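Visitor: sequence plus predicted model, see below.
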There are 2 protein chains.
Amino acid sequence: MVRSRDRQTPVETLEPVAGNGLIDRRALLGRGMVLAGAMSTGIGPASAAAEPLADDPWSLEVGDPMPPYQGPSKFEAKVVRTLSNPNNEPRNSHARTPHHLLEGTITPNGLHFNINHGGVPNIDPEKHRLVIHGLVKQPTEFTLDTLSRYPMVSRVTFIECGGNSAPLFSPEPLQENIQALHGLVSCAEWTGVKLSTLLEETGIDPRAKWFVAEGADSPHLSRSVPVKKALDDAMIALYQNGERLNPGNGYPMRLLLPGYEGNMNVKFLRRIKLVEQPAMSYYEARTYSQILPSGKAYRFYFLQEVKSFITRPSHGMALKGPGLYEISGLAYSGNGRIEKVMVSADAGQSWAQAALQEPVLSKAFTRFRMPWRWDGGPATLQSRAWDEAGNVQPTRAEFVATRGELAKKPPVLAFPNQHFNSITSWGVASSGEVAHVYA
Amino acid sequence: MVRSRDRQTPVETLEPVAGNGLIDRRALLGRGMVLAGAMSTGIGPASAAAEPLADDPWSLEVGDPMPPYQGPSKFEAKVVRTLSNPNNEPRNSHARTPHHLLEGTITPNGLHFNINHGGVPNIDPEKHRLVIHGLVKQPTEFTLDTLSRYPMVSRVTFIECGGNSAPLFSPEPLQENIQALHGLVSCAEWTGVKLSTLLEETGIDPRAKWFVAEGADSPHLSRSVPVKKALDDAMIALYQNGERLNPGNGYPMRLLLPGYEGNMNVKFLRRIKLVEQPAMSYYEARTYSQILPSGKAYRFYFLQEVKSFITRPSHGMALKGPGLYEISGLAYSGNGRIEKVMVSADAGQSWAQAALQEPVLSKAFTRFRMPWRWDGGPATLQSRAWDEAGNVQPTRAEFVATRGELAKKPPVLAFPNQHFNSITSWGVASSGEVAHVYA
């Protein structure tokens, strides 16, 4: 019954598969690489080692009452979003997801990233309405109650701000952690009504080629979206990880456009208007346009392209001495499923394939993992993802050659571009400290 | 480009597929069944109907600041767990998930069910230790930091109390909602280290056939588990939907035994002791044993068997007049994947197959959905699930014939049994009101 370690873990699978200590992703660790301390009181395999176990204070007292809505432990008070505008001054507000402190693929609702342009509105769901009008056969108004009677769908998908990772346009690596660099992307299970189902109700005038989605918060953010996306996988999302949308995520309803840049997934959705031409709204013509080094701009850039980054270890962490570690990270693509992720520990000189956590879902976070034996010397960790459409993350050099980078000297007015998706590099020093580097 | 509704929705797919208005699960609804009101100001397909849209108060003011950790809208204050012991008296405490108010398959962390026997402890993760000892070759102690260096895995799985659904042992249907009847089951994405990985480190003495898992909270709840499960899919879970376990769910670590009854997934885990025989601990010999009508008891009953229930509509809701509705519910099995779910609107006289939301994962919630046209007459809604191992939910009559039911008259000392998994029935009256019935 009891399995032999030797049969389970052939020595050869523990051999490195790429430079600087990357180990085959199928390898179990084996007892030869014990990380934990053998117990000082252990006197043999069948002993009653350490009994009775010492009781800590929480083993000797009654705990707290159960709350109706459970929040995290008080010991996790540091696991929060960082805020760009905590005093709610009259400008936009960012709240970034702390990916270095999370694991798995679902972002808990409390930590989903947010960008709002007019604060977080308090919308009464009984009074909120969604109107579908313009080039439709029957303009129609929907209440939340009515929407709940239509066939629903659920899907796990990421949402990413077009400006996520923009700090990597800097000519020198910013000494910031992954929350600052890549914190404007999150992933949840969304449930709602497909927009195509509602357009079956309203009918579509054949002249309609676009729709304009508009939010009910004070900036009335609006974006133009091709009707083709409405008939594909667009959703009016009502639930986020099982419960109603959080206020910062568009309560009581938002547009969900899987794979498209965050701001197009219009929150507090109050209007879908079918039109012949894009509206060239303020937010799409100015705030979310992407300027190229030539001075020209991409008119529309919907897709969030294939990206990956290592979340652990990452900038700001410190390894506690040589030995075995797990490299863990996230990969995703607006084009579909992640096909593979390669990891390097020697700045891209050699690569090994990471394990992908099943199920690998389309346009969703995919967790990748790779065992690594750190020898105590300098190392540079990178990940590079491929999606099922054949796209691959560019190197940073390839990327900035096309898309530009910030000027080396002030004044630095703004990041020159969005949709940054090249490789992120973490430098591990002999001290064990991990820092953001370019490599 | 614009699809024709007539090609999309052939009339024949809207014909009923079973009695009392069940419609083919592949049917779109079609404009012939408009639920929403056409706008009173709508004057034609290409009009600027209802423009400008009226501005509600939240469209005219700046919203709230973003919080570091976002909670639900104040309008969702009723979406909470119900508590059996809000004053934390010296007995166990239950907190039940409000499934009638949720959608999708992930239970948000704030609403995951909990049962604790000594309140919710405040465990310092820096000081907490996991010990693996007994019949192992090398007794070993693990800190949270050490565990984070091992290869991790993520999986979505439900956890269900063995006593969930026990109110259905009552000889008369209790007039309670689904939170009271089935609120002791939830589903999350869990991430941690497989127990088999740690046992590779410690080695296993060939005499070990069981292990005893023990919690660090004051009741030190302990359960015996076959070593076979440890070498299969048992996990030391550290994260729940991306963030560290919530305090009520075992922070900082719990045993996860996918498909096994809830209390065996020992929370606040401090010890795994390998042994030759089960320990017959208080909780397994008394609290969580299952007594049969003969007076005998099942010695061990680990598996949570195939079950399903309709969450919407369900007891306590009221349909707003005849017309189209979506029937939505949850199915799951400790044996593996859900194979199919059948739905009846006429108390089991006829059945139609529900749509299952992909991905259908092993030992996880599967959301099923079925369109239904209510004609305004009495209806009895039921769901019945099959799992991939070929198990089917029993009818209530079949189930209580084997397992017994409560006495019809007081004194009623306790529910006679656990692991109730038969069909749940909701009666829809002509008024639209929905009540728990036996059928």
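Guide: Right, received. Where do you want to start?
Visitor: quick one: average pLDDT of stretch A:275-294?
Guide: Averaging pLDDT along stretch A:275-294 gives 83.
Visitor: in it, what counts as buried?
Guide: A:Val275, A:Pro278, A:Ala279, A:Ser281, A:Tyr283, A:Glu284, A:Tyr288, A:Ser289, A:Gln290, A:Ile291 (16 or more other C-beta atoms under 10 Å in any protein chain shown). Glycine gets a C-beta too; all of them are placed from N, C-alpha and C.
Visitor: then stretch A:138-154?
Guide: Neighbour-count burial for stretch A:138-154, with 16+ other C-beta under 10 Å as criterion, is recorded at A:138-144, A:146-154.
Visitor: with stretch A:368-385 instead?
Guide: For stretch A:368-385, by 16+ other C-beta under 10 Å, it's A:368-374, A:379-385.
Visitor: the buried residues of stretch A:275-294 also near chain B: which ones?
Guide: Among the buried residues of stretch A:275-294, none lies close to chain B by the criterion of C-beta under 8 Å from any C-beta of the partner chain.
Visitor: tell me the contacts of A:Met75?
Guide: Slight slip there: residue A:75 is Phe, not Met. B:Asn122, B:Ile123, B:Asp124, B:Pro125, B:Tyr251, B:Pro252 (C-beta atoms under 8 Å, 6 or more residues apart in numbering or on different chains).
Visitor: against A:Asn263, how distant is A:Asn335?
Guide: 19 Å (C-beta to C-beta, to the nearest Å).
Visitor: of those two, who's got more company?
Guide: Remark: of A:Asn335 and A:Asn263, A:Asn263 carries more neighbours, 21 against 18, as counted by other C-beta atoms under 10 Å in any protein chain shown.
Visitor: so that one lies in a helix, does it not?
Guide: Yes. Assignment of A:Asn263 by DSSP: H, G, I helix; E, B strand; the rest coil places it within a helix.
Visitor: can you name the residues that contact it?
Guide: Going by C-beta under 8 Å, 6+ apart, the list of residues near A:Asn263 reads A:Ile115, A:Cys161, A:Gly162, A:Leu221, A:Arg223, A:Tyr283, A:Thr287, A:Tyr288.
Visitor: make it 10 Å
Guide: Contact analysis of A:Asn263 by C-beta atoms under 10 Å, 6 or more residues apart in numbering or on different chains lists A:115, A:117, A:159, A:161-163, A:215, A:221-223, A:283-284, A:287-288.
Visitor: ranking these by neighbours, who comes first?
Guide: Most surrounded of the contacts of A:Asn263: other C-beta under 10 Å gives A:Ile159, at 29 neighbours.
Visitor: give me the pLDDT value at the residue lying closest to it once chain neighbours are set aside.
Guide: What sits nearest to A:Ile159 in space, not counting adjacent residues and going by C-beta to C-beta, 6 or more residues apart in numbering or on different chains, is A:Gly262, at 5.1 Å. Listed pLDDT for A:Gly262 reads 97.
Visitor: tell me how many other residues crowd A:Gly262.
Guide: Counted by other C-beta under 10 Å, the residues lying close to A:Gly262 total 22.
Visitor: look up how far chain B lies from it.
Guide: Distance of A:Gly262 to chain B, computed by C-beta to the nearest C-beta, to the nearest Å: 15 Å.
Visitor: repeat for A:Pro72
Guide: 6 Å.
Visitor: next, count neighbours for that residue.
Guide: Neighbour tally, A:Pro72, other C-beta under 10 Å: 22.
Visitor: what of the one 10 residues further on?
Guide: In terms of burial, A:Thr82 registers 16 neighbours under the definition other C-beta under 10 Å.
Visitor: give me the phi and psi angles of it.
Guide: phi -90, psi 140 (degrees, to the nearest 10).
Visitor: that older thread, hmm, which of the contacts of A:Asn263 is lowest in pLDDT?
Guide: A:Thr287 (76).
Visitor: doesn't A:Gly262 make contact with that residue?
Guide: No. Using C-beta atoms under 10 Å, A:Thr287 makes no contact with A:Gly262, being 11.8 Å away.
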